[in-house]
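*Asks:* after the sequence you'll find the predicted model.
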Amino acid sequence: MNDPTARIGRLAVASLDLLIEAVAQTPPESWDRPSNLDGWSVRDLVGHATGSAAKIVALLEDGEIWGRSEPADWVCEDPSARLRELAARLRDALPGADLDAPRTSPQGEVPLHRALTYPVSDLAIHSWDLHRSQGRLVELPQDLLAFCRELVESVPEGALRRPGAFGPAQPAPEDATPTARLMA
């Protein structure tokens, strides 16, 4: 794997590990509480992020990619075990993956490394959401933060703030951390 495209593989592993860590810190009594995302419980949030992790693995394995899914499609009894299984498949698929191979994405046929951009960012952002939903303040690792910022800044405002994407921008306090500024 050449270096520019190999970055996405490293970030995919890091973002999934971050989600696994956030889920492991989620006490059982929190699953049905509201998350920081309007209309979603903590369980829904983790279900949605699990779907993103499964999409990353399916893209790497050149498997079938589904259309739009709902968080409930990915809710399971043991999300930690499911995410660890997906992480093992991710690690197995990465060494042999042709990150320049064509894959179908919402933007049409693109190189695999580009098709992975949105689901990898989704995992990182929703890992932060999961921590935040439980009152924990965390900073994304610098490489993931930079990656997510690059993506957010590359998307036109109208596409970024549409229904089903991100909500309206929020003011960030002057003393907000870099991650909190991005999330605002």
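*Replies:* All right, it came through fine.
*Asks:* which strands or helices does the longest helix seen in the chain pack on?
*Replies:* For the chain, the helix with the greatest residue count under DSSP state H is helix 3-24. Applying 3 or more C-beta pairs under 8 Å, 6 or more residues apart in numbering; DSSP states H and E, we find helix 3-24 packed against helix 42-60, helix 79-93, helix 112-115, helix 117-133, helix 142-154. To be clear about C-beta, it is placed using only N, CA and C from the backbone, and glycine gets the same treatment.
*Asks:* okay, now the unreliable bits of this protein?
*Replies:* Residues of the chain that meet the criterion pLDDT under 70 lie in 1-5, 163-165.
*Asks:* dump the residue contacts of the residue nearest the centre of it.
*Replies:* Centrality entry for the chain: nearest residue to the mean C-alpha point is residue 123, 1.5 Å, by C-alpha atoms, centre = their mean. Taking C-beta atoms under 8 Å, 6 or more residues apart in numbering, we find residue 123 in contact with 12, 15, 16, 18, 19, 49, 52, 53, 56.
*Asks:* in stretch 69-88, which residues are buried?
*Replies:* Across stretch 69-88, burial judged by 16 or more other C-beta atoms under 10 Å covers 71, 74, 75, 79, 82, 83, 86, 87.
*Asks:* endpoint to endpoint, that stretch covers what distance?
*Replies:* Chord length of stretch 69-88, first to last residue, is 23 Å (C-alpha to C-alpha, to the nearest Å).
*Asks:* what's next to that stretch, contact-wise?
*Replies:* By C-beta under 8 Å, 6+ apart, the residues outside stretch 69-88 that reach it are 13, 16-17, 19-20, 23-24, 40, 43-48, 50-51, 53-54, 56-57.
*Asks:* ok, of these, which come out buried?
*Replies:* Among those, those classed as buried by neighbour count (16+ other C-beta under 10 Å) are 13, 16-17, 19-20, 23, 40, 43-48, 50-51, 53-54, 56-57.
*Asks:* tell me which residues are up against stretch 29-39.
*Replies:* With contacts defined as C-beta under 8 Å, 6+ apart, stretch 29-39 is touched by 40-46, 129-130, 132-134, 167.
*Asks:* just to revisit the earlier point, return the member of the buried residues of stretch 69-88 nearest to residue 119.
*Replies:* residue 86 (11.3 Å; C-beta to C-beta).
*Asks:* how much space between the closest one and residue 21?
*Replies:* Separation of residue 86 from residue 21 (C-beta to C-beta, to the nearest Å) stands at 14 Å.
*Asks:* how about residue 152?
*Replies:* With C-beta to C-beta as the criterion, residue 152 and residue 21 are 23 Å apart.
*Asks:* before we move on, what about residue 48?
*Replies:* On the measure of C-beta to C-beta, residue 48 and residue 21 end up 17 Å apart.
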